[in-house]
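Peer 1: 3D, please:
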Amino acid sequence: MARTMNAQATVRREKAAAGKLWWVSLLAGVVGAILNIIVMFIANATGVVFEVQNPQMGTMVVDALPIALFSIVPAIGAGVLLWLLDRFTARPFTIFWIISGVFLLLSLIPDFLTPMAPGAGFWLGLMHFVAAGVIVGLLSTLGRTRTQ
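Peer 2: The predicted structure follows:
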């Protein structure tokens, strides 16, 4: 006798490890921050200074602290987003990847619109890709429940 399976039984639900998302988010933010600070040092060694023109405050030099914050804060936000998607959708990781890609593209807009030192835009854009890769990668691997 052949076994029949209904369509619903063949669809696997993606599931995040809700209890681990907080520390995985923090880990992703710290790893992203460390890698982006390394990218900053490499850029500085090649002569690039991260100076951003601000109409209200004049020229600002971007150093390690804002780079670290701009890696850690989005990682925590991404963890919250994944947690919410896991609670309310059947495909949290698929939706998370799509939203993350959109956010990555949107995060590049200021790099094109803000006047900055020559070469800084390339390195800042690279930092966006580093942070996104680390955050999405770690949340997608360490933040997933194991299937049986």
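Peer 1: When you work out contacts or count neighbours from here on, use the C-alpha atoms and nothing else.
Peer 2: Noted.
Peer 1: Which residue is the nearest non-sequential neighbour of I76?
Peer 2: S25 (5.1 Å; Cα to Cα, 6 or more residues apart in numbering).
Peer 1: residue boundaries of the strands in this protein?
Peer 2: All strands of the chain, identified by DSSP state E, fall at 51-54, 58-61.
Peer 1: So which of those is nearest T94?
Peer 2: strand 51-54 (35.2 Å; Cα to Cα).
Peer 1: Which parts of stretch 45-62 count as buried, going by neighbours?
Peer 2: Neighbour-count burial for stretch 45-62, counted by 16 or more other Cα atoms under 10 Å, picks out V48, V49, F50, E51, V52.
Peer 1: picking that back up, any chance of the strands of the chain in JSON lines, with distance to G137 and mean pLDDT too?
Peer 2: Converted to JSON lines, the strands of the chain look like this (distance: least, Cα to Cα, whole Å; pLDDT from 0 to 100):
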{"stretch": "strand 51-54", "distance to G137": "29", "mean pLDDT": "76"}
{"stretch": "strand 58-61", "distance to G137": "30", "mean pLDDT": "79"}
